Every structure is written in structure tokens, then in C-alpha cells.
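J.: The sequence and its predicted three-dimensional model are supplied below.
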Amino acid sequence: MSDQNSLAPSTAIEVANEFITLGLKEGIPIDQMKLQKLVYYAHAWHLALTQRPLFEEDIEAWPWGPVVRNIYIQTQHYGRDPISTKLRQLVSKNDDSLVTSDFVTPHGVKDELKGFIEKIWNTHKKYTGIQLSNSTHADGEPWFIVSQCYDLDHQKPSIPNSLIRDVFIKKINHE
């Protein structure tokens, strides 16, 4: 994983927290599966529209669809229950000769991304995590393509950004 501030406008945790905030504000529950798929779709559409990743963390192919591992680690204890708190991320600070790290709770994405995330939210908020997961399993979707090459019960390979981008660009061109 690269330095998140240098290549991408956000982090996966910031994107997740933006969706959690929207869900809590509108009273729409978000379980861990729905959160994973919302983050995935935001990243995928950002790749297709800007040719740049929304965040640098890898999206992995897990049995139930695309997953960002550090989001899973922080949300797995919710099971199928709605997520009720924001996620945290490790931030390192380099102050002269001293390097320190601390877990912080980012509020969400930068202002210039809020409108984009809200569009993804408004398009997908009506679907359950299972429905969103099912849509990632369709023939020709990036998860489906990667799943044909691996045993996902024993491996959790990364889904290449180039594959995600190319599949979602085709969606734009066919709309």
C-alpha cells in the first residue's frame, strides 16, 4: 500500500465513515456487508470516472464479494447488526526526529468528494448488503472474473484496479 495522501484523495476508512454518517443521518441501517459494497462501488465508479483510485487500500475477492480488509477487521464484530460507530485508522506523524502513531477517527471524505459519495449513497442505499453482494457476483463483474481464477475459501486475492476501472468504464459507455 502506498502513502494514501500522495496518490488518492481519500482512505477506505474515510469513505466508510462518510457512508456510516449518511446512514445514521437518514436512519438507514448499514451492516458490514452493505458497507463493504458501498465502499467498493464508490471506488469502482471513481476509478471509471477519474482514472484514479479513490483510496489506496486493496480490494480483495472474498467469498461474499469485494472486501477492504481493514474495514472488515473493524466491523466483523457487528455481524449482521447495523454499524453504529465510525471506524478508526492509524495515522503516523513525523515531528523532527520523533515518529509517533495514533488511531484516529476520521470524520469522512474531503468536501470535494462529498457530492460524489452522496450520489453513490443515493443510488445504492435502498439495497441490502446481500442484494449488493449478489450484484458483485454477476458474470463479467470484477469479483466474478477474479473468483474464476482462485479458490476464495482459501485465498483472498486483490482485485486489480485496472480490471475494476475497465469493467466500470464499459458500464458508462453502455448506459
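T.: Structure's in. What do you need? Since this is a predicted model, take the numbers as computed values, not measurements. Residues are numbered from 1 along each chain as shown.
J.: So the one residue sitting closest to the centre of the chain, which state does it fall into?
T.: Taking CA atoms, centre = their mean, the centroid of the chain lies closest to residue 39, which sits 2.6 Å from it. Residue 39 falls in the helix class when you classify it by DSSP: H, G, I helix; E, B strand; the rest coil.
J.: what about the strands in the protein?
T.: Assigned by DSSP state E, the chain shows strands spanning 60-62, 65-67, 89-95, 98-104.
J.: I'd like the ones you listed written out as CSV, with distance to residue 136, mean neighbour count and mean pLDDT added.
T.: Heads up, the C-betas are built off the backbone N, CA and C, glycines and all. Output for these, formatted as CSV (distance: least, CB to CB, whole Å; neighbours: other CB atoms under 10 Å; pLDDT from 0 to 100):
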stretch, distance to residue 136, mean neighbour count, mean pLDDT
strand 60-62, 9, 21, 97
strand 65-67, 4, 25, 97
strand 89-95, 24, 11, 77
strand 98-104, 29, 9, 74
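J.: Residue 10: which of those is closest?
T.: Evaluated with CB to CB, the strands of the chain place strand 89-95 nearest to residue 10, the distance being 10.9 Å.
J.: could you say what helices and strands that closest one packs with?
T.: Contacts defined by 3 or more CB pairs under 8 Å, 6 or more residues apart in numbering; DSSP states H and E place strand 89-95 against strand 98-104.
J.: again, only using 10 Å
T.: Packing partners of strand 89-95 (3 or more CB pairs under 10 Å, 6 or more residues apart in numbering; DSSP states H and E): helix 12-26, helix 69-75, strand 98-104.
J.: contact partners of it?
T.: 3-4, 11-14, 16-17, 57, 70, 74, 99-106 (CB atoms under 10 Å, 6 or more residues apart in numbering).
J.: and of the strands of the chain, who's closest to residue 29?
T.: strand 65-67 (18.4 Å).
J.: How far off centre is that closest one?
T.: Centroid separation between strand 65-67 and its chain, computed with CA atoms, centre = their mean, to the nearest Å, is 9 Å.
J.: re the thing from before, would CSV of the strands of the chain with distance to residue 174 be doable?
T.: Below are the strands of the chain laid out as CSV (distance: least, CB to CB, whole Å):
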stretch, distance to residue 174
strand 60-62, 24
strand 65-67, 21
strand 89-95, 36
strand 98-104, 41
